[in-house]
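Novice: Mind looking at a prediction? Sequence and model below.
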Amino acid sequence: MIVGYSNGEQFLLSFHSQKPGATSRAFGTVRATFRGREFESSYHVLLELLPKARAMTVLDIGCGNGHLLAMLAKSRPDLRLVGIDFSVDELRSAPVTAAPCLLAARAQSLPLRGASVDAVVSHLALMLMDHADQVLHEAARVLRPGGILAAIVGGAPQQSPALDAYLKILRRYLTASRSPVARFGDPAFSSEQGTRALVSRQFADVALEPVDFVERLKPQAAWAGFEDMYDLYHLPEADRKAIRQEYLAAVRTLVDEQGLLTMRRQLRLIHARRIGEC
Ligand SMILES: C[S@@+](CC[C@H](N)C(=O)[O-])C[C@H]1O[C@@H](n2cnc3c(N)ncnc32)[C@H](O)[C@@H]1O
(Lines give C-alpha, C1' and ligand atoms only; values in the text may rest on other atoms or scores of the structure.)
Protein backbone atom coordinates (compact mmCIF):
# COMPACT_ATOMS: atom_id res chain seq x y z
CA MET A 1 0.00 0.00 0.00
CA ILE A 2 1.25 3.51 -0.81
CA VAL A 3 0.59 5.78 2.18
CA GLY A 4 -1.11 9.14 1.61
CA TYR A 5 -2.92 8.18 -1.58
CA SER A 6 -6.61 7.31 -1.90
CA ASN A 7 -7.57 3.79 -3.06
CA GLY A 8 -8.25 5.14 -6.52
CA GLU A 9 -4.86 6.87 -6.69
CA GLN A 10 -3.12 3.71 -5.51
CA PHE A 11 -4.83 1.79 -8.28
CA LEU A 12 -3.65 4.37 -10.85
CA LEU A 13 -0.09 4.33 -9.52
CA SER A 14 0.02 0.54 -9.61
CA PHE A 15 -1.38 0.40 -13.17
CA HIS A 16 1.02 3.04 -14.49
CA SER A 17 3.95 1.41 -12.72
CA GLN A 18 3.23 -1.88 -14.51
CA LYS A 19 2.18 -0.38 -17.83
CA PRO A 20 4.01 2.89 -18.39
CA GLY A 21 3.14 4.41 -21.74
CA ALA A 22 -0.16 2.51 -21.98
CA THR A 23 -2.16 5.62 -22.97
CA SER A 24 0.17 6.67 -25.75
CA ARG A 25 0.16 3.08 -27.06
CA ALA A 26 -3.65 3.06 -27.03
CA PHE A 27 -4.20 6.56 -28.51
CA GLY A 28 -0.92 7.63 -30.11
CA THR A 29 -1.68 6.32 -33.60
CA VAL A 30 -5.50 6.37 -33.69
CA ARG A 31 -6.79 8.94 -36.18
CA ALA A 32 -9.23 11.45 -34.68
CA THR A 33 -11.86 13.71 -36.24
CA PHE A 34 -12.22 17.18 -34.75
CA ARG A 35 -14.21 20.12 -36.21
CA GLY A 36 -14.70 18.06 -39.38
CA ARG A 37 -10.95 17.58 -39.92
CA GLU A 38 -8.92 14.44 -39.55
CA PHE A 39 -5.91 14.44 -37.21
CA GLU A 40 -3.20 11.80 -36.79
CA SER A 41 -4.27 11.40 -33.16
CA SER A 42 -6.02 13.20 -30.29
CA TYR A 43 -2.57 14.43 -29.17
CA HIS A 44 -2.34 16.26 -32.52
CA VAL A 45 -5.67 18.00 -31.75
CA LEU A 46 -4.09 19.55 -28.64
CA LEU A 47 -1.02 20.56 -30.65
CA GLU A 48 -3.27 22.39 -33.10
CA LEU A 49 -5.09 24.30 -30.33
CA LEU A 50 -1.98 25.70 -28.71
CA PRO A 51 -1.57 29.45 -29.36
CA LYS A 52 1.07 30.14 -32.02
CA ALA A 53 2.96 32.77 -29.92
CA ARG A 54 6.67 31.96 -29.60
CA ALA A 55 8.62 31.10 -26.44
CA MET A 56 5.58 30.27 -24.34
CA THR A 57 5.76 28.10 -21.24
CA VAL A 58 3.47 25.09 -21.58
CA LEU A 59 2.56 22.76 -18.72
CA ASP A 60 1.25 19.23 -19.36
CA ILE A 61 -0.74 18.01 -16.33
CA GLY A 62 -0.70 14.20 -15.97
CA CYS A 63 1.88 13.99 -18.77
CA GLY A 64 2.48 10.23 -18.31
CA ASN A 65 5.46 9.14 -20.42
CA GLY A 66 5.69 12.57 -22.05
CA HIS A 67 4.23 11.58 -25.42
CA LEU A 68 2.58 14.97 -26.00
CA LEU A 69 5.63 16.86 -24.67
CA ALA A 70 7.93 14.95 -27.03
CA MET A 71 5.68 15.93 -29.96
CA LEU A 72 5.70 19.55 -28.79
CA ALA A 73 9.50 19.56 -28.34
CA LYS A 74 9.85 18.40 -31.95
CA SER A 75 7.29 20.65 -33.62
CA ARG A 76 7.70 23.79 -31.44
CA PRO A 77 11.35 23.92 -30.25
CA ASP A 78 10.85 27.50 -29.04
CA LEU A 79 8.50 26.41 -26.23
CA ARG A 80 9.54 25.94 -22.61
CA LEU A 81 7.96 22.64 -21.63
CA VAL A 82 7.08 21.36 -18.17
CA GLY A 83 5.42 18.04 -17.42
CA ILE A 84 3.99 16.85 -14.13
CA ASP A 85 2.76 13.41 -13.17
CA PHE A 86 2.51 11.58 -9.87
CA SER A 87 3.72 8.32 -11.41
CA VAL A 88 7.51 8.25 -11.21
CA ASP A 89 7.46 5.12 -13.38
CA GLU A 90 5.67 6.98 -16.20
CA LEU A 91 8.13 9.89 -15.95
CA ARG A 92 11.11 7.51 -15.99
CA SER A 93 9.88 5.98 -19.23
CA ALA A 94 9.72 9.39 -20.97
CA PRO A 95 12.23 9.91 -23.78
CA VAL A 96 15.02 12.34 -22.79
CA THR A 97 13.81 14.68 -25.52
CA ALA A 98 10.29 15.02 -24.02
CA ALA A 99 10.99 18.01 -21.75
CA PRO A 100 13.91 19.22 -19.68
CA CYS A 101 11.53 19.69 -16.77
CA LEU A 102 9.53 16.64 -15.72
CA LEU A 103 8.27 16.86 -12.16
CA ALA A 104 6.88 14.12 -9.95
CA ALA A 105 3.98 15.94 -8.30
CA ARG A 106 0.28 15.79 -7.62
CA ALA A 107 -1.88 17.95 -9.82
CA GLN A 108 -3.76 19.05 -6.69
CA SER A 109 -0.65 20.92 -5.53
CA LEU A 110 1.50 22.06 -8.47
CA PRO A 111 5.11 22.92 -7.59
CA LEU A 112 5.05 26.02 -9.80
CA ARG A 113 4.82 29.73 -9.14
CA GLY A 114 1.52 31.53 -9.73
CA ALA A 115 1.03 33.10 -13.17
CA SER A 116 4.17 31.39 -14.56
CA VAL A 117 2.65 29.39 -17.43
CA ASP A 118 1.06 30.50 -20.74
CA ALA A 119 -0.86 27.32 -21.55
CA VAL A 120 -1.91 24.20 -19.70
CA VAL A 121 -2.51 21.06 -21.74
CA SER A 122 -3.68 17.67 -20.54
CA HIS A 123 -4.50 14.47 -22.42
CA LEU A 124 -6.81 11.92 -20.78
CA ALA A 125 -5.77 12.75 -17.23
CA LEU A 126 -7.97 15.42 -15.57
CA MET A 127 -11.04 13.16 -15.34
CA LEU A 128 -9.03 10.58 -13.34
CA MET A 129 -7.96 12.95 -10.61
CA ASP A 130 -9.48 13.19 -7.15
CA HIS A 131 -10.61 16.69 -6.08
CA ALA A 132 -11.01 18.00 -9.64
CA ASP A 133 -12.00 21.41 -8.28
CA GLN A 134 -8.62 21.72 -6.59
CA VAL A 135 -6.80 20.51 -9.74
CA LEU A 136 -8.56 23.14 -11.87
CA HIS A 137 -7.90 25.76 -9.21
CA GLU A 138 -4.18 24.91 -9.43
CA ALA A 139 -4.24 25.01 -13.23
CA ALA A 140 -5.82 28.47 -13.07
CA ARG A 141 -3.36 29.63 -10.40
CA VAL A 142 -0.23 28.77 -12.42
CA LEU A 143 -1.64 30.25 -15.65
CA ARG A 144 -1.01 33.86 -16.53
CA PRO A 145 -4.24 35.90 -16.84
CA GLY A 146 -5.62 35.14 -20.30
CA GLY A 147 -3.65 31.88 -20.50
CA ILE A 148 -5.43 28.88 -21.99
CA LEU A 149 -6.40 25.42 -20.87
CA ALA A 150 -6.70 22.77 -23.62
CA ALA A 151 -7.53 19.34 -22.29
CA ILE A 152 -8.94 16.09 -23.61
CA VAL A 153 -11.06 14.04 -21.21
CA GLY A 154 -13.38 11.05 -21.55
CA GLY A 155 -16.48 11.53 -23.70
CA ALA A 156 -20.00 10.26 -24.23
CA PRO A 157 -20.48 6.53 -24.94
CA GLN A 158 -20.98 5.79 -28.65
CA GLN A 159 -23.08 3.23 -30.54
CA SER A 160 -20.40 0.62 -31.19
CA PRO A 161 -21.33 -3.09 -31.12
CA ALA A 162 -17.64 -4.16 -31.05
CA LEU A 163 -17.08 -2.08 -27.92
CA ASP A 164 -20.47 -2.90 -26.37
CA ALA A 165 -19.70 -6.65 -26.65
CA TYR A 166 -16.54 -6.11 -24.59
CA LEU A 167 -18.26 -3.92 -21.98
CA LYS A 168 -21.08 -6.43 -21.54
CA ILE A 169 -18.67 -9.30 -20.80
CA LEU A 170 -16.45 -7.09 -18.64
CA ARG A 171 -19.39 -5.89 -16.49
CA ARG A 172 -20.46 -9.48 -15.84
CA TYR A 173 -16.99 -10.38 -14.56
CA LEU A 174 -16.66 -7.20 -12.51
CA THR A 175 -20.03 -7.85 -10.85
CA ALA A 176 -19.06 -11.44 -9.99
CA SER A 177 -15.57 -10.51 -8.82
CA ARG A 178 -14.59 -10.33 -5.16
CA SER A 179 -11.82 -7.85 -5.86
CA PRO A 180 -12.98 -4.31 -5.08
CA VAL A 181 -13.23 -1.97 -8.06
CA ALA A 182 -11.25 1.20 -7.33
CA ARG A 183 -13.14 4.45 -7.88
CA PHE A 184 -11.21 7.49 -8.99
CA GLY A 185 -11.78 10.88 -10.53
CA ASP A 186 -14.67 13.29 -10.43
CA PRO A 187 -18.02 11.96 -11.74
CA ALA A 188 -18.79 15.50 -12.99
CA PHE A 189 -16.57 14.74 -16.01
CA SER A 190 -18.94 11.98 -17.15
CA SER A 191 -21.44 14.51 -18.56
CA GLU A 192 -21.08 17.61 -20.70
CA GLN A 193 -23.15 19.62 -18.23
CA GLY A 194 -21.06 18.49 -15.24
CA THR A 195 -17.79 19.21 -17.05
CA ARG A 196 -18.93 22.69 -18.06
CA ALA A 197 -20.07 23.52 -14.51
CA LEU A 198 -16.79 22.27 -13.01
CA VAL A 199 -14.50 24.12 -15.43
CA SER A 200 -16.58 27.33 -15.40
CA ARG A 201 -15.89 27.78 -11.68
CA GLN A 202 -12.26 28.63 -12.47
CA PHE A 203 -12.18 29.55 -16.18
CA ALA A 204 -13.90 31.81 -18.72
CA ASP A 205 -14.94 31.13 -22.35
CA VAL A 206 -15.41 27.41 -21.68
CA ALA A 207 -15.98 25.42 -24.89
CA LEU A 208 -16.55 21.67 -25.05
CA GLU A 209 -16.28 19.83 -28.37
CA PRO A 210 -16.30 16.17 -29.37
CA VAL A 211 -13.22 14.35 -30.68
CA ASP A 212 -14.31 11.26 -32.61
CA PHE A 213 -12.54 8.04 -33.47
CA VAL A 214 -13.62 5.34 -35.90
CA GLU A 215 -11.13 2.49 -36.01
CA ARG A 216 -11.26 -0.60 -38.20
CA LEU A 217 -9.11 -3.27 -36.67
CA LYS A 218 -8.60 -7.00 -36.24
CA PRO A 219 -10.25 -8.52 -33.14
CA GLN A 220 -6.80 -9.31 -31.65
CA ALA A 221 -5.78 -5.67 -32.06
CA ALA A 222 -9.03 -4.54 -30.42
CA TRP A 223 -8.22 -6.80 -27.50
CA ALA A 224 -4.65 -5.44 -27.25
CA GLY A 225 -6.20 -1.95 -26.92
CA PHE A 226 -8.43 -3.10 -24.03
CA GLU A 227 -5.36 -4.49 -22.26
CA ASP A 228 -3.89 -0.98 -22.12
CA MET A 229 -6.97 0.38 -20.31
CA TYR A 230 -7.85 0.37 -16.65
CA ASP A 231 -10.95 -1.88 -16.58
CA LEU A 232 -9.29 -5.28 -17.01
CA TYR A 233 -6.67 -4.41 -14.45
CA HIS A 234 -9.27 -4.72 -11.65
CA LEU A 235 -9.52 -8.43 -12.37
CA PRO A 236 -7.22 -11.42 -11.79
CA GLU A 237 -5.24 -12.90 -14.69
CA ALA A 238 -7.57 -15.92 -14.98
CA ASP A 239 -10.61 -13.64 -15.50
CA ARG A 240 -8.75 -11.55 -18.06
CA LYS A 241 -7.91 -14.70 -20.05
CA ALA A 242 -11.53 -15.87 -19.89
CA ILE A 243 -12.85 -12.45 -21.00
CA ARG A 244 -10.43 -12.46 -23.93
CA GLN A 245 -11.70 -15.85 -25.09
CA GLU A 246 -15.34 -14.84 -24.72
CA TYR A 247 -14.76 -11.54 -26.50
CA LEU A 248 -12.97 -13.05 -29.48
CA ALA A 249 -15.82 -15.56 -29.83
CA ALA A 250 -18.54 -12.92 -29.42
CA VAL A 251 -17.21 -10.61 -32.15
CA ARG A 252 -16.88 -13.31 -34.82
CA THR A 253 -20.25 -12.22 -36.24
CA LEU A 254 -19.32 -8.52 -36.12
CA VAL A 255 -16.30 -8.57 -38.45
CA ASP A 256 -16.65 -7.32 -42.04
CA GLU A 257 -15.54 -9.18 -45.19
CA GLN A 258 -11.92 -8.18 -44.45
CA GLY A 259 -12.11 -9.63 -40.94
CA LEU A 260 -12.13 -6.18 -39.32
CA LEU A 261 -14.21 -4.75 -36.49
CA THR A 262 -15.44 -1.16 -36.44
CA MET A 263 -14.83 0.54 -33.11
CA ARG A 264 -16.35 3.98 -32.41
CA ARG A 265 -15.28 6.14 -29.51
CA GLN A 266 -15.61 9.75 -28.51
CA LEU A 267 -13.55 11.96 -26.24
CA ARG A 268 -14.27 15.54 -25.15
CA LEU A 269 -12.07 18.55 -25.75
CA ILE A 270 -12.15 21.29 -23.13
CA HIS A 271 -10.94 24.70 -24.18
CA ALA A 272 -11.03 27.58 -21.69
CA ARG A 273 -9.30 30.80 -20.75
CA ARG A 274 -7.94 31.86 -17.38
CA ILE A 275 -10.11 34.71 -16.13
CA GLY A 276 -8.34 38.08 -16.54
CA GLU A 277 -6.57 40.08 -19.23
CA CYS A 278 -3.53 38.92 -21.23
C1 LIG B 1 -4.42 7.99 -18.79
S2 LIG B 1 -2.84 8.55 -18.32
C3 LIG B 1 -2.47 9.78 -19.56
C4 LIG B 1 -1.01 10.03 -19.73
C5 LIG B 1 -0.64 11.04 -20.82
N6 LIG B 1 -1.29 12.32 -20.62
C7 LIG B 1 -1.02 10.49 -22.18
O8 LIG B 1 -2.11 10.79 -22.67
O9 LIG B 1 -0.21 9.74 -22.76
C10 LIG B 1 -3.21 9.55 -16.91
C11 LIG B 1 -1.98 10.07 -16.20
O12 LIG B 1 -2.39 10.94 -15.14
C13 LIG B 1 -1.56 10.70 -14.01
N14 LIG B 1 -2.29 11.15 -12.82
C15 LIG B 1 -3.48 10.71 -12.35
N16 LIG B 1 -3.85 11.38 -11.26
C17 LIG B 1 -2.85 12.29 -11.02
C18 LIG B 1 -2.66 13.30 -10.04
N19 LIG B 1 -3.56 13.51 -9.08
N20 LIG B 1 -1.55 14.07 -10.11
C21 LIG B 1 -0.64 13.86 -11.09
N22 LIG B 1 -0.76 12.90 -12.05
C23 LIG B 1 -1.86 12.13 -12.01
C24 LIG B 1 -1.29 9.21 -14.07
O25 LIG B 1 -0.14 8.85 -13.33
C26 LIG B 1 -1.14 8.97 -15.57
O27 LIG B 1 0.19 9.06 -16.00
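Specialist: Cool, the structure landed. Residues are numbered from 1 along each chain as shown.
Novice: Can you get me a residue count around the closest residue to the ligand within the stretch 51-200 of the chain?
Specialist: The stretch 51-200 of the chain approaches the ligand most closely through G64 (2.6 Å), counting by Cβ to the nearest ligand atom. Placement of C-beta: from N, CA and C, glycine included. When neighbours are counted by other Cβ atoms under 10 Å, G64 registers 26.
Novice: now P100
Specialist: 12.
Novice: give the contact list for it.
Specialist: L81 (Cβ atoms under 8 Å, 6 or more residues apart in numbering).
Novice: ok, the most centrally placed residue in the chain - contacts?
Specialist: For the chain, the residue whose C-alpha lies nearest the mean C-alpha position (Cα atoms, centre = their mean) is L124; its distance is 1.2 Å. The neighbours of L124, taking Cβ under 8 Å, 6+ apart as the test, are T23, F27, S42, G62, I152, V153, G154, L267.
Novice: Also within reach of the ligand: list those from those residues.
Specialist: T23, G62 (Cβ under 6 Å from any ligand atom).
Novice: any idea how far Q258 is from F34?
Specialist: According to Cβ to Cβ, to the nearest Å, Q258 stands 27 Å off from F34.
Novice: quick one, which of those two is more surrounded?
Specialist: F34 (20 against 7).
Novice: thought the more buried one was touching V45?
Specialist: Yes. Counting by Cβ atoms under 8 Å, V45 is a contact partner of F34 at 4.7 Å.
Novice: and for the two, which residues touch both?
Specialist: V211, L269.
Novice: what about G4, neighbour count?
Specialist: G4 is flanked by 8 other residues according to other Cβ under 10 Å.
Novice: in which helix or strand would I find it?
Specialist: Using DSSP states H and E, G4 is not contained in any helix or strand.
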